[in-house]
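A.B. asks: based on what follows, work out the 3D shape:
(chains A, B and C)
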Amino acid sequence: MGRFTLLYRLMLRPLLQRPGRALLILFAIALGDAAVVAIDMAGDAAAGSFRSSMESFTGNNDLEITAAGGVPETIAAQLARLPLDLRLSPRIEDHATIVATGETVPLIGIDLVGEANGEAAQRLDQAGLRDPIQHINDPDAVWVAGALGKAVGEKIDLLINDQTRDYTVRGLVPDTAKLGGDAILMDIRAAQQATGKSGRVDRILIKTPRSGSFDDWQRQIRRALPAGIMLSPQGSATAANRRMLAAFRWNLRVLSYIALLVGAFLIYNAISVSVVRRRADIGAVRALGASRNMVLSAFLLESSLFGLIGSLAALPLGRLLASGAVGMLSTTVNALYVSSTAGALRITTGSVLLALIAGMGVTLASALAPAREASQVPPTEAMARGRREYEVRIERHRDALIALILAVLGAVAAQAPEIAGKPLMGYLAAMLFVGASALLTPLVVHAVTFAGAGLMRRLMGVEALLACRSLGGSLRRTSVLVGALATAIAMMTSVGIMVGSFRQTVLTWMDAQLSGDLYLRPAGALNADQHPTIAPRVAERIASVPGVESVARFRAYEIEYQGLPATLAGVDIDLHRREQSLSFLSGRPPVDVLRELAAGDNALVSEPFANKHHVKAGDTITLPLGETRPTFRILDIFYDYGHEAGYILLARQTMLKYLPNPAPTNLAVFLKPGADLESTRAAVQKAVAGSDLLILSNAVLRREGIRVFDQTFAITYALEAISILVAIGGIAGALLSIVMDRRREFGILRFLGGTGSQIRKLTLVEAGLIGLLANATGLALGFVLSLVLIYVINKQSFGWTIQFHWPVTVLLSSLSLVYVATVLAGIAPARIAVRLNPIEVVHEE
Amino acid sequence: MKSKWIALLLLVPLCAPAQTTYQSAQPGYRYEFPRDHFNHEGYQTEWWYYTGNLSSSDGHRFGFELTFFRQGVSREPSTNPWFVSDLWMAHLALSDLTGQKFYHEERLNRSGPGLAGVDEPSAQIWNGNWQGLIRPGEHDLSAVASSFQINLKLIPAKPPVIHGQNGISQKAEGAGHASHYISLTRLQTSGIITLNGKPYTVDGASWMDHEFFTGSMADTESGWDWLSIQLEDNSELMLYRLRHRDGTLDPYFSGTFIDPQGRATFLPLRDFTMTPAGDNWTSPRTKATYPERWHISIPKLSLDLDVTTPLREQELVATYGPSYWEGSVNISAKRAGAALHGLGYLEMTGYASPGQSVLPR
Amino acid sequence: MEHVTRDYAAEGERVRALNDVSLSVGSGRFVALVGRSGCGKSTLLHLAGAMDFPTAGHVRLEGLATDALSEPELTRLRREKVGFVFQSFQLLNTLSVVENVEVPLLLAGRRNPRPAAMERLASVGLAELAHRMTHQLSGGQMQRVAIARALVHGPRLLLADEPTGNLDTATGNAILHLLRQIREEQKLTILMATHSAEAAAIADVVIHMRDGQMVQD
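C.D. replies: From the prediction side, this is the model:
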């Protein structure tokens, strides 16, 4: 009991008496931990447990049949007639845009008659679809999710591909039917007609009997299918997408840990300071019989308390942050990867554990060293403070040496290839560089404050001299502060450089890629995996508009290759066109490559594709197309920053051999030289009247592309902001404790004739110096980290080659912002310093 | 006389009123085979119904039923195979008489790109993987259910029988209440029944009914009872009676007697009696009470028959229509005093929720 | 000091540190205030140095009442007229010895304080330790540095609060002699608070204090 009383009096009561400082520490832990928890939850909801929109109304099936370009509908009949007890669900899966709201929802066509069999009948029942027979042959009958707010009998305008038509609501599907969000159901025939997919269905779901082995069933079904048709477990498309998103999630996670790491620095600092301040108390307590371990456990206990409360606070805070983040992330996932609905945000046991382990782990780890120090305080404690600081000064050379070793190790790690698809060595390299920078900081601080003191005095007067000296004098503490802020700045800078470089690379690439004058695509929101089509005659009509030199037709399909999603596209090749829109890794002129492309079963693949599937020019790939599995030779690899998923490009004629549907998904219009853009555009608009198409000029398309890019990185900026906030919060607290610790000195200065404004200036100069040192170190570290990000982590995670580029404006503005914030963080402590009563502080004994 | 058509007619309440005109069964129809074994698009409703009694060499007895049923929905021309011109329903049931268990499944499909249908050139009728190959001299049936499978070869021993008079079988007063009704009354059957993974080589005799018509049952009718009987002296009987809601019997009940040479004799109401003789069984599922013992007397043929069933629970609890009892029965008869045995199939409809009669939900 | 009273609020209670004290110190005099802790001697020192102000009565330095001075005037006072020496030396650990001595001059904005500081260091006999760090010094040496610092800007009044409190007897005596010596050389007025009657003996005038009042003359 006695020990707890001691603990309470020594540790907890002072904390309660000075809640401000404790709160700042808690804030640092909670916010950093909250960022980790938030990214974990939001990442899981948006990129881990998302539900592909196409899984609407599927029920529990075992296998699915898909094929590039659609499964021939006769396959459904063939399977139905096999002497196997299978339940089959052929489906049309597409998207429709509700014209009134602009919302794009999944459009699912199912065999409303066949679905009435067996357990499916229950689902239909629940869905209120028990009596669809009445409207079974109506081409405009739809059943909509109740949430869409329509009534039975009402009309609803839907844009499907490039046509808007009127449909009639024949029934409402209640939420209990597990539609998985807003969706529109049609009978399969009406859906085929509406989407233009005659002769084909998008997917056939299969439920195998419980008895017998799953593999056996799979084998038997596989035997009955032609080579190009794919048979896989149900939901494998979703699984493939989730797999691809793994890299995305990983990088986000790592980003969030940095916020926590910054907090760690500050906890270390705070606890070190408190140890120093209480040296006399500790000495006294030890003299009274407390053991080393008691002191150690007392400090660790204090830290664990901080860690626990901070971690617990992190959960609701993280949940709050997550609800903001999940929207951003889900938008990105949809825009760049796959149409999906984010899963629910859940605080699972996993998230609680994560919060606790991360928060407490980091707190305890950072508290370990200072706590150990505290336990080493001898019972006879004199004013040996200066001596200790002196000892630290010697170590800075040793630390610098270790820093050098770490940096070399980091450089070595950065050369290593990826491990299991993740750039783990890249992360390691980054950590090593951060460590090296942290260990180098004391040397840097000492050198600057030592060498710079005279200069500072000349520039800014005695206050600056005193500020320099005081920073250099308490080297350990100053180094930690500078290190913490520098890490946050480095993170901000490195990500800023990477994003800036990426952006510039994309802009440059778009310049080359988008050589058409006008682009047409079906109206309606577009996610990365949606490819609505344009009626074939539209291209012909446009080609005959005066002023138009040529129209290139483009058709894309979503396929799966080696367990990952990929896009297969066929494009018209016009060798006479002056500018060709592709740049190749080999550097060969596009005209040559494209000529070869049209000449046989050749293909071009994008850089991410080559990276993910480890192929190079000259290799062959076999793609399941339609009912066959043709092999293509890879001619070359092209740069592609528009998609993270792999991209395969074929000549349009080649693709039509295997996937004969002639409807294009995009049209690029090239104007004759000298033709007027506006009038030609108007003429094109007239030519396509009757189809719902968007006509975009080159400029608009670029703007749109960059907008998507910026939106994607919104979450990164948010995380950076959090790190900076954590850092600044910590700085403010640290500056405050500096002021409190040096109040005696401030008192003396008053006695020696110092004015209040001189004291204030001193504090602000200190804050400014810390800011300056941190900015400089942070910038240098940030540059190094950006190299790792660009050339290692990004390349290994996603496969893109990013050209390095200094985003000067962005950097300047953010660094200035941080600097100003640091100085501002010093205002409150400065005010406190000024208000100190010199008599009180000098005579504290 | 089969039941499902009632149900489906209500599933398709207003189908084909103004747009499509279907033919109704008229007297004087000229039957031609094999053509008339297949589809009659002009008529709205049609079914092909196989039942049989089979046993394995070690005495394991089975009864089976496989029905293909078609209901016309629209006769609008369409190029899209998914367009619903007809709805196809099928029933498959297996009575394990020795094991005292009854299994049944039903399905509903559209023709689609070959999901269900009848095709004369390839001589097939099918609904998914329940199919029949109808060739002159041999019908092959195969069907897969979740716990059993049947693969049977049926060889007609007698030529097709046309029931009724003048080529139509009248069901109630007035035109439109009749059907074209063909039976193959004795098909030598052999094949394999696989039950719960165990194959049984079986043989026995089957019966095939094929009816096509357009029309509905009169309002006053509540159900009927139908029997097909195959006697050991190579003669067969088909009898049915219609019941009214008020408990009276419809005067149009009739039957057919087929002699060993295949000659058919029409048996109008006055020529026979068919009465339930107790042995009632109440279904735990539908609460219907079925009389499972019947007594038939045909004085003209000096026949007296007693009908009992070896398996009480042969009720098909249906999803797409009303539930009814259909199962294998044992016949114990006397002709002119001489004992005669036989097997057959009995169908009793309209007992499930009497009064509620025929709503499909 | 004319009828000076100084009250404090300490934990809700009113504490009277000085009670109607009147004192006049002539220029060049060495006055010792003797008394136990809490008798008010430190308070009196602070009032004399214009670091604190009376609740009642006036404190005049060279004729000027301290409570009538503005903040800039007070600052000037501290920078020009008054020097403080403390019991626990109160040196700045992050600065070297000579830099410590320079501080008052730097605060006042003097351009090149080094020569003056070195001279002052020499006058207390520590010129060769000029570039050492303060924690490398002994107690006595530290107090000398403090004295040098207190005098570097040529004040007329030196206020010493228990200057020998943290020193052993021999070192303490040396310091006291140093103070006396300085008073002789520079015609300084020294006001010293001490709890040791022996230390007080070195002064011209000894005033005993108890409970905020002077008890003897």
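
A.B. asks: list the helices and strands the helix or strand of chain C with the lowest mean pLDDT packs on?
C.D. replies: Ranking every helix and strand in chain C by mean pLDDT, DSSP states H and E puts strand C:2-10 at the bottom, with a mean of 74. Taking 3 or more Cβ pairs under 8 Å, 6 or more residues apart in numbering or on different chains; DSSP states H and E as contact, the helices and strands that strand C:2-10 lies on are strand C:13-21, helix C:41-48, strand C:56-58. The way it works is simple: take the backbone N, C-alpha and C, and place the C-beta from them, glycine included.

A.B. asks: can the following helix or strand past the longest one be said to contact chain A?
C.D. replies: Tracing the chain past strand C:13-21, the next element assigned as helix or strand by DSSP states H and E is strand C:30-34. No - using Cβ under 8 Å from any Cβ of the partner chain, no contact is recorded between strand C:30-34 and chain A, whose separation bottoms out at 15.8 Å.

A.B. asks: just the C-alphas of strand C:30-34, formatted as CSV.
C.D. replies: Presented in CSV, the C-alpha positions along strand C:30-34 are these (Å, rounded to 0.1, in the frame of the first residue of the first chain):
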residue,chain,number,x,y,z
PHE,C,30,28.2,48.2,4.1
VAL,C,31,25.0,47.2,5.9
ALA,C,32,24.2,43.7,7.1
LEU,C,33,20.7,42.5,7.9
VAL,C,34,20.7,39.6,10.3
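
A.B. asks: relative to helix C:41-48, how tilted is that strand?
C.D. replies: Orientation of strand C:30-34 against helix C:41-48 (axes from the mean of the first three to the mean of the last three Cα atoms, to 10 degrees) gives an angle of 140 degrees.

A.B. asks: what comes into contact with strand C:30-34?
C.D. replies: The set of residues that contact strand C:30-34 without belonging to it, under Cβ atoms under 8 Å, 6 or more residues apart in numbering or on different chains, is C:25, C:41, C:44-45, C:179-180, C:183, C:189-197, C:199-209.

A.B. asks: just checking: what are the partner strands of that strand?
C.D. replies: According to DSSP bridges, strand C:30-34 has the following sheet partners: strand C:189-194 (parallel), strand C:205-210 (parallel).

A.B. asks: lowest average pLDDT across those strands?
C.D. replies: Across the strands paired with strand C:30-34, the stretch with the lowest average pLDDT is strand C:205-210; it has a mean of 84.

A.B. asks: what's the longest strand in the chain?
C.D. replies: Assuming you mean chain A. Taking residue count as the measure and DSSP state E as the definition, the longest strand of chain A comes out as strand A:548-561.

A.B. asks: hm, I was asking about chain B
C.D. replies: Of all segments of type strand in chain B, defined using DSSP E, the longest is strand B:178-195.

A.B. asks: what is the mean pLDDT for that strand?
C.D. replies: Mean per-residue pLDDT for strand B:178-195: 93.

A.B. asks: list the strands paired with it, with their directions.
C.D. replies: Its sheet considered, strand B:178-195 pairs with strand B:148-156 (antiparallel), strand B:161-162 (antiparallel), strand B:169-170 (antiparallel), strand B:198-213 (antiparallel) by DSSP bridges.

A.B. asks: from chain B, how far out is the residue nearest to the spatial centre of chain C?
C.D. replies: When chain C is reduced to its mean C-alpha position, the closest residue under Cα atoms, centre = their mean turns out to be C:Leu159, at 2.1 Å. Here C:Leu159 is placed at a distance of 106 Å from chain B (Cβ to the nearest Cβ, to the nearest Å).
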